[in-house]
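Trainee: Attaching a predicted model along with its sequence, questions to come.
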There are 2 protein chains.
Amino acid sequence: MDYDSGKYKPVGEVLHKKVGRFLLRGWIKRKRDMKEKVFVLLRDGSGSIQCVIEDGKVPEGQMSAARKALVESTVIVGGEAHEDARAPEGVELKVDYVEVVSFSEEFPIQRDLSEAFLLDVRHLWLRSSQMTNALRLNATLFSAFRDFMANNKYLEVQGPEFVSGAVEGGSTLFQIPYFGKKVFLSQSNQFYLETFLPGVERVYSVMPSFRAEKSRTRRHLTEFWHAEAEASWMQLPELMDFEEKMIKALAQGLLDKHEKELKAFGRDPKVLEKVVETRFERIPYEEVLGIAQKKFKYLKWGSDLGEKEEREITKDYEVPIIVYHYPSKLKPFYHRPNPKDKGETVLCTDVLAPEGYGEIIGGGERCWRLDEILTRMAEEKIDPKPYQWYLDVRRYSAHPHSGFGMGLSRVLTWMCKLPHIRDAIAYPRTMNRYYP
Amino acid sequence: MDYDSGKYKPVGEVLHKKVGRFLLRGWIKRKRDMKEKVFVLLRDGSGSIQCVIEDGKVPEGQMSAARKALVESTVIVGGEAHEDARAPEGVELKVDYVEVVSFSEEFPIQRDLSEAFLLDVRHLWLRSSQMTNALRLNATLFSAFRDFMANNKYLEVQGPEFVSGAVEGGSTLFQIPYFGKKVFLSQSNQFYLETFLPGVERVYSVMPSFRAEKSRTRRHLTEFWHAEAEASWMQLPELMDFEEKMIKALAQGLLDKHEKELKAFGRDPKVLEKVVETRFERIPYEEVLGIAQKKFKYLKWGSDLGEKEEREITKDYEVPIIVYHYPSKLKPFYHRPNPKDKGETVLCTDVLAPEGYGEIIGGGERCWRLDEILTRMAEEKIDPKPYQWYLDVRRYSAHPHSGFGMGLSRVLTWMCKLPHIRDAIAYPRTMNRYYP
């Protein structure tokens, strides 16, 4: 075997050129054994092509190896490409050379496609076109986000994962033994991002965040890729505009490269085009509460809006909505109280994805004055001691600033119209799932 | 205060235009109080500019506020820019308006610049030009790496951080309580990356990896940003070429944007130009062992090369060297045995940075046949049970492949000629350091 050579072509190139002699290497995705020939759908990283191997057209030893090779065997094939309307991609390779690099055992993913089984064999399911499509869209989403932030002069930074304090409250903290001490896994990089501001003014990070979520919803994971940003001087209206522009840029990024994959997921690209073209409504909390109250009578001002309430609120929207001014008591201490209602609400905003998907972004203005944040901590009965470093951003260089956090897999779930967040990430982690 | 308006200019723009009337906002980086005027060095995210505030040129209330404001106070200043050779950047702002947005308390970083103290106040030290330079170079390094991988048709993916097995051996595993069970934090994404290959052939990830390192060296952290890649069909010579091209691309990325910052770190850009232009030597293990043996007499064939040996080996080199064929017993089971010496060595390669820096990349061909890897596991007395999913990549779709892992902060440490890896990362984590 000679693997180094440039003589192998990617399947995608053969499908594009349609004619000529090619040497390919890849895996048997599907196979049909006939009396005098074998049809093989050969997959590589760039696509799949139908190959036909006929008795008499290849040496007998090669023919019997081809007959013996099961699905997911690794093969090298050489042959002549030609257009054939009956082939899945309209091109077929008439094989004159077959080499089985390795014979696969019987592939476990056959008829059983139950969700639980596919999660058990996630490492094998990753090679399905459903997953490779999701992976490609995910990679585009990550780079579209970073490009958008760079274009807006945000500097990419990283924060620590090992931290000594909570951001989002103690109930979802993972605690780790750390050389005889205890540390936590980061729930959010926000507090750290704020410390970068007096040096560089606009920062973002894309990192895993960890939440010991006991909730079994279609949108929660115990570890997720968190896109977060903080910006000096930014206030709520500007933040809402920024978030809207950002989501439009992400949708456009997927549209630019992945119309075909979006359609394969059942997502009409026109819907994302509408997201790009339509202004997102800005709606105060009390107004969206009204929508939810029609179905959930028990809700009253101050009630939290969870997954099911957000599903009700957003199910008839086609584009995201930007909800603002949530009641202060629903939000952590770092949100800035609304000066216009004496702090009954905070200057925060959640972006809710339409069609029932719900929250994809949470953000807002931060308490930026030392006295103000100390008052909020006292009200919430939070000991300021472990937060001294965070408070220092108010002691030295205090200034108005805002930021947000976005769950990238949630965005992908919505944009691709996926039924569950685990369909948007390679190795989803939940309460009961940490293998493989 | 009116923060939303576009009337504020970044300092960088003023330094560039040199003349005109500008309104700026930022922080007092340095201050000198004279009898009739105050010199303020105003810093924002784009640079620093000297501002002069004179008695009589601003209202008395503004003057006294300016006199009262300590270093790191947040200010808005308006005035006329003009060229002045005595000013640090050659431009000075003659101030006619001052507003102190917030008065800073006395800034703790004054004369004490000991390493331990600066780590304690890392959240404040981040705004030093030394750290903001490192942050900018780091951001460029991350994007240069991703660009290089994308240009070579590698797909960006993510793996899990919560894992059920070790990659690099049990001694440096962090174990976490997980809903009544135990999981580990990922030491490397390699095994997961290999599972993507039969679907997409070339993948990379940039993620935090975690190692419970007890070693107090200048190059170890308990969490670090790990750039990793795996490629189908790739073999050792091609991998070495790829790694060399990649490092050259990273060096070029820094040179393109950051000559000034490199010089500020004492790194002559010519040295990185040499890295870009010079072919890296490929040297087998036994030959570099010879270099180390001159100083460390106790070394013999099979000895591990740690930090101090690598320092000796690389101290006289100006560009990285690529070391290959390490003894099998020094490397984990997944490395492919060298067929030419019956597996005494493995088909692996480490890239060592010059000037004493040592290892920045580890990689090699992977054991790709099921029987071969099972033999290796048996030799190492490793129970294959928790590795079934990893072994499945050999059961179905087995094929030759290679990969590597690179510590991004190690690369930055070397390229910027920094004394310690903690100078290359915002919040370094070590055995004794997890605050702030």
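Mentor: Noted; the coordinates are in hand. Numbering: from 1, shown residues only, chains lettered A, B, ... in the order given.
Trainee: before we move on, which element is A:Trp414 in?
Mentor: helix A:408-415 (DSSP states H and E).
Trainee: and for the helix or strand hosting A:Gln252, what are the contacting residues?
Mentor: Assigned by DSSP H and E, A:Gln252 belongs to helix A:236-257. By C-beta atoms under 8 Å, 6 or more residues apart in numbering or on different chains, the surrounding residues in contact with helix A:236-257 are A:137, A:140-141, A:143-145, A:147-148, A:152, A:231, A:234, A:262, A:269, A:272-273, A:275-276, A:279-280, A:282, A:320, A:322, A:324, A:347-349, A:351, A:360-361, A:363-365, A:402-404, A:411, A:415-416, B:4. (C-beta placed from N, C-alpha, C; glycine too.)
Trainee: Filter those residues down to just the buried residues.
Mentor: A:137, A:140-141, A:143-145, A:148, A:231, A:234, A:262, A:272, A:275, A:280, A:282, A:320, A:322, A:324, A:347-349, A:351, A:360-361, A:363-365, A:402-404, A:411, A:415-416 (16 or more other C-beta atoms under 10 Å in any protein chain shown).
Trainee: Sort out for me which of the residues you listed are in strands.
Mentor: A:231, A:282, A:322, A:324, A:348-349, A:351, A:360-361, A:363-365, A:402-404 (DSSP state E).
Trainee: what pLDDT does A:Thr217 get?
Mentor: If you check A:Thr217, the pLDDT there is 88.
Trainee: ok, now which ones touch it?
Mentor: A:Thr217 touches A:Glu307, counting by C-beta under 8 Å, 6+ apart.
Trainee: go again using 10 Å as the cut-off
Mentor: Going by C-beta atoms under 10 Å, 6 or more residues apart in numbering or on different chains, A:Thr217 touches A:Gly306, A:Glu307, A:Lys308, A:Arg311, A:Gly358, A:His420, A:Ile421, A:Thr430.
Trainee: what angle do the helix holding A:Trp414 and helix A:236-257 make?
Mentor: Angle between the axes of helix A:408-415 and helix A:236-257 is 60 degrees (criterion: axes from the mean of the first three to the mean of the last three C-alpha atoms, to 10 degrees).
Trainee: average pLDDT for helix A:408-415?
Mentor: 98.
Trainee: Run through the neighbouring helices and strands of it.
Mentor: helix A:129-151, strand A:223-232, helix A:236-257, helix A:269-277, strand A:348-353, strand A:358-365 (3 or more C-beta pairs under 10 Å, 6 or more residues apart in numbering or on different chains; DSSP states H and E).
Trainee: Report the backbone C-alpha coordinates of the longest one in PDB.
Mentor: Written as PDB, here are the backbone C-alpha positions of helix A:129-151 (Å, rounded to 0.1, in the frame of the first residue of the first chain):
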ATOM      1  CA  SER A 129     -24.500  12.000   6.900                       C
ATOM      2  CA  GLN A 130     -26.900  13.500   9.400                       C
ATOM      3  CA  MET A 131     -24.000  14.000  11.900                       C
ATOM      4  CA  THR A 132     -21.400  15.100   9.300                       C
ATOM      5  CA  ASN A 133     -23.900  17.700   8.100                       C
ATOM      6  CA  ALA A 134     -24.400  18.900  11.600                       C
ATOM      7  CA  LEU A 135     -20.700  19.000  12.200                       C
ATOM      8  CA  ARG A 136     -20.100  21.100   9.000                       C
ATOM      9  CA  LEU A 137     -22.800  23.500  10.000                       C
ATOM     10  CA  ASN A 138     -21.500  23.700  13.500                       C
ATOM     11  CA  ALA A 139     -18.000  24.600  12.200                       C
ATOM     12  CA  THR A 140     -19.400  27.300  10.000                       C
ATOM     13  CA  LEU A 141     -21.400  28.700  13.000                       C
ATOM     14  CA  PHE A 142     -18.200  28.900  15.100                       C
ATOM     15  CA  SER A 143     -16.200  30.600  12.500                       C
ATOM     16  CA  ALA A 144     -19.100  33.000  11.500                       C
ATOM     17  CA  PHE A 145     -19.400  34.000  15.200                       C
ATOM     18  CA  ARG A 146     -15.600  34.700  15.500                       C
ATOM     19  CA  ASP A 147     -15.600  36.600  12.200                       C
ATOM     20  CA  PHE A 148     -18.400  38.800  13.300                       C
ATOM     21  CA  MET A 149     -16.700  39.500  16.600                       C
ATOM     22  CA  ALA A 150     -13.400  40.300  14.900                       C
ATOM     23  CA  ASN A 151     -15.100  42.600  12.400                       C
END
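Trainee: Give me the nearest residue to A:Lys37, chain neighbours excluded.
Mentor: A:Glu54 (4.4 Å; C-beta to C-beta, 6 or more residues apart in numbering or on different chains).
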